[in-house]
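[1] Kindly return the folded structure for what I paste below:
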Amino acid sequence: MDKPKRVKFLLLLFIAILIFIFCITVRTPRTYRIIPLRRAPKTCPLQISERSITPLNNTKHLLVSAYMDQRVNGFDVRIIGIFKRDSIQKLHCVFCCAGQLSSKTPGTILQHTDNFGFPYVTTDVMCQIPQNCSATHVSLLTEPGEVQLVDQPWLPVRNKKTNGKEKEKLQFNFTVCISNLFGDYNNVLQFAQTLEMYRLLGVDRVVIYNTSCGPDLNRLLQIYSQEGFVEMVPWPIDQHLNPSRGWLFSLSGGDVHYFGQLTTLNECIYRSMDRSRYVLLNDIDEIIMPYKHNTLTSLMDVLQQQHPNNGVFLIENHTFPKKPFNESKWGPLPRWRGVPGFNILDRIYREEPDRTIYHPHKMIVQPRMVQQTSVHEVLQMIGQMFKVPPDVCRFIHSPISTPTERPLEQLHVDTRLRDFTEELLPGVNKVLRKAGLLT
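    All right, here's what the predicted structure looks like:
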């Protein structure tokens, strides 16, 4: 083949190959021409966590919830979690912005100062939202570079502020946070009396973190939940850690304080921040009782007017131990035969606290003025605290048992609960009948 013919042949062959490649490319479905797998996706591969406790990938930590919180300069979102104290590592925040992934921002880790010696501690991770991001969800990464996000757990960002709606009237005046139910607790009668007492005092909502409880109490809780008075938050902490039944690691061991009580109290404050004017932090066997007012509304209206810069009100704890009740002297008690638990109306003897030693308080707080809390005091806040005199308001604490028993002559007669008997009894009877617990 001479040279001109060979050149012509090679040129035609080259053109034929180009036409063949073009045809194959056009006929290949577009789904096969994807972005390489190693490249980080631009859209959110959301695996949204619907659990109240979510393990954080590649760590020993647990995530609980995320809330918009712009009270700390330079940050926008607070993620509440339970972290292993000896395994803290750098974390990076990534947001889903209306379906698109954001750039990553460094997370600032804030361990709460109260841990009572336990290996796990309530921890906040503070994140900054990138500019031009309308964040709906957030996740935490252990590496700042491109990583596979498909299996990352994403938390919804709650309490989002849009178009000034945060200035709207709050849904509730008073919310009670019951930190933990666990074990086979089944004191139905005290539980019903306490919740009905709170209803009379003006409480709008009771939030309960439930790990487990007895079968009768569970039936009662379902009734209250259906009514909308109780909000049940599942709290399966025992599926992730070995929770302690005590408050001090050196005495009771375990991974985390009292079934994660510190975490649930903080979570409840943020859960209530944009919907409740006040939050009461207490246990199920305690009632915050005003002594110079008949409702919490009238009590707090007076206290807030007297102390306008206060966002935390400390209420002194007073124990009402079990003692023989003299019906001939104080009048007959109502009967709830067959209902598990005890009658708090027969707790009329009150112990005077020893104020020469540390004496715990519980609290009524304005949630928007609290950043971190412990059980008996606030750790970080905006504004001031006020100790409410016990003659104005005190905690009525009716435990199943007390570590020591004082003689009767050292106790004070206090029948404040019985002032509400006429209104309290119908409410208790009604809810017990609804639950099928009253014969």
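
[2] quick one: what helix or strand has the residue sitting nearest the centre point of the chain in it?
    Nearest to the centroid of the C-alpha atoms of the chain, with distances taken as C-alpha atoms, centre = their mean, sits residue 267, at 2.6 Å. Assigned by DSSP states H and E, residue 267 belongs to helix 261-272.

[3] ok, and the closest residue to residue 230 other than its chain neighbours, which helix or strand is that part of?
    Distance criterion C-beta to C-beta, 6 or more residues apart in numbering; nearest residue to residue 230, sequence neighbours excluded, is residue 224 at 3.7 Å. C-beta here means a position set from N, CA and C on the backbone, and glycine is covered the same way. Residue 224 is part of helix 215-227 when elements are defined by DSSP H and E.

[4] My reading is that residue 259 is in a strand; is that accurate?
    No. Remark: residue 259 does not belong to a strand; assigned using DSSP: H, G, I helix; E, B strand; the rest coil, it is helix.

[5] Would you confirm that it contacts residue 245?
    Yes. The pair residue 259 / residue 245 is scored as a contact, 7.4 Å apart, by C-beta atoms under 8 Å.

[6] Which one's more surrounded, these two?
    Comparing residue 259 with residue 245 by other C-beta atoms under 10 Å, the one with more neighbours is residue 259, at 23 against 11.

[7] do you know how far the more buried one is from residue 43?
    Computed as C-beta to C-beta, to the nearest Å, the residue 259 to residue 43 distance reads 39 Å.

[8] Please apply the same query to residue 180.
    Taken as C-beta to C-beta, the span from residue 180 to residue 43 is 39 Å.

[9] Settle it for me: which of those two has more neighbours?
    Each of residue 180 and residue 43 has its neighbours counted (other C-beta under 10 Å); residue 180 has more, 22 against 9.

[10] Tell me which stretches of the stretch 301-439 of the chain form helices.
    327-330, 421-434 (DSSP state H, counting those that start in this stretch).

[11] most neighbours per residue, which of the ones you listed?
    Of all those, helix 421-434 has the most neighbours on average by mean count of other C-beta atoms under 10 Å, namely a mean of 16.

[12] Show me what it is packed against.
    In this structure, helix 421-434 makes packing contacts with helix 188-201, helix 215-227, judged by 3 or more C-beta pairs under 8 Å, 6 or more residues apart in numbering; DSSP states H and E.

[13] Make JSON lines out of the ones you listed and add distance to residue 408.
    Below are these laid out as JSON lines (distance: least, C-beta to C-beta, whole Å):
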{"stretch": "helix 188-201", "distance to residue 408": "22"}
{"stretch": "helix 215-227", "distance to residue 408": "31"}
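
[14] which one of the ones you listed has the most crowded surroundings?
    By mean count of other C-beta under 10 Å, the helices and strands packed on helix 421-434 have helix 188-201 as the most buried, with a mean of 22.

[15] and that one with helix 421-434, angle?
    Going by axes from the mean of the first three to the mean of the last three C-alpha atoms, to 10 degrees, helix 188-201 is angled at 130 degrees with respect to helix 421-434.

[16] which regions of this protein sit below the pLDDT cut-off?
    Flagging of the chain using pLDDT under 70 yields the residue ranges 1-42, 45, 145-148, 150, 161-168, 328.

[17] change it to 80
    1-43, 45-46, 144-151, 161-168, 325-333, 403-404, 439 (pLDDT under 80).

[18] ok, back up a step: of all the helices of the stretch 301-439 of the chain, which one is nearest residue 282?
    helix 421-434 (18.3 Å; C-beta to C-beta).

[19] which outside residues touch stretch 93-110?
    The contact list for stretch 93-110 (C-beta atoms under 8 Å, 6 or more residues apart in numbering) reads 40-44, 46, 75, 77, 79, 83, 88, 90-92, 123-130, 132-141, 144, 149, 154, 157, 372.

[20] which of the residues you listed are buried?
    Buried subset of those (neighbour count, 16 or more other C-beta atoms under 10 Å): 44, 46, 75, 77, 79, 83, 91-92, 123-130, 133, 135-141, 149, 154, 157, 372.

[21] ok, residue 97 - how many residues close by?
    Based on other C-beta under 10 Å, the number of other residues close to residue 97 is 18.

[22] can you pull the contacts of the spatially closest residue to it that is not a sequence neighbour?
    Leaving aside its sequence neighbours, residue 97 sits nearest to residue 133 (C-beta to C-beta, 6+ apart; 3.7 Å). Taking C-beta under 8 Å, 6+ apart as the criterion, residue 133 is in contact with 95, 97, 102.

[23] and if we set it to 10 Å?
    Listed by C-beta atoms under 10 Å, 6 or more residues apart in numbering, the contact set of residue 133 reads 76, 95-98, 100-103, 105.

[24] Okay, it and residue 210: tell me how far apart.
    Where residue 210 is concerned, residue 133 sits at a distance of 35 Å (C-beta to C-beta).

[25] for residue 325, same thing?
    The value you get for residue 325 to residue 210, if C-beta to C-beta is used, is 31 Å.

[26] ok, these two, which is more surrounded?
    residue 210 (20 against 16).

[27] That one is in contact with residue 222, isn't it?
    No. Assessed by C-beta atoms under 10 Å, residue 210 is found out of contact with residue 222, at 11.2 Å.

[28] what is in contact with these two at once?
    230, 232.

[29] May I have the secondary structure class of residue 60?
    Strictly by three-state DSSP, residue 60 counts as coil.

[30] if we can go back for a sec, residues shared between the contacts of residue 259 and residue 245?
    With C-beta under 10 Å, 6+ apart, residue 259 and residue 245 have common neighbours 182-183.

[31] Which residues are in contact with residue 304?
    Applying C-beta under 10 Å, 6+ apart, the residues near residue 304 are 277-278, 310-311, 313, 366, 386.

[32] circling back: out of the helices of the stretch 301-439 of the chain, which gets nearest to residue 70?
    Here helix 421-434 is closest among these (C-beta to C-beta), at 40.4 Å.

[33] Just the C-alphas of the closest one, formatted as CSV.
    C-alpha atoms of helix 421-434 as CSV (Å, rounded to 0.1, in the frame of the first residue of the first chain):
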residue,chain,number,x,y,z
THR,A,421,-59.1,17.5,99.2
GLU,A,422,-62.5,18.6,98.0
GLU,A,423,-61.2,19.3,94.5
LEU,A,424,-58.4,16.6,94.5
LEU,A,425,-60.5,13.5,95.2
PRO,A,426,-62.9,13.7,92.2
GLY,A,427,-59.9,14.2,89.8
VAL,A,428,-58.0,11.2,91.3
ASN,A,429,-61.1,9.0,91.1
LYS,A,430,-61.9,10.0,87.6
VAL,A,431,-58.5,9.1,86.2
LEU,A,432,-58.2,5.9,88.2
ARG,A,433,-61.6,4.8,86.7
LYS,A,434,-60.5,5.6,83.2
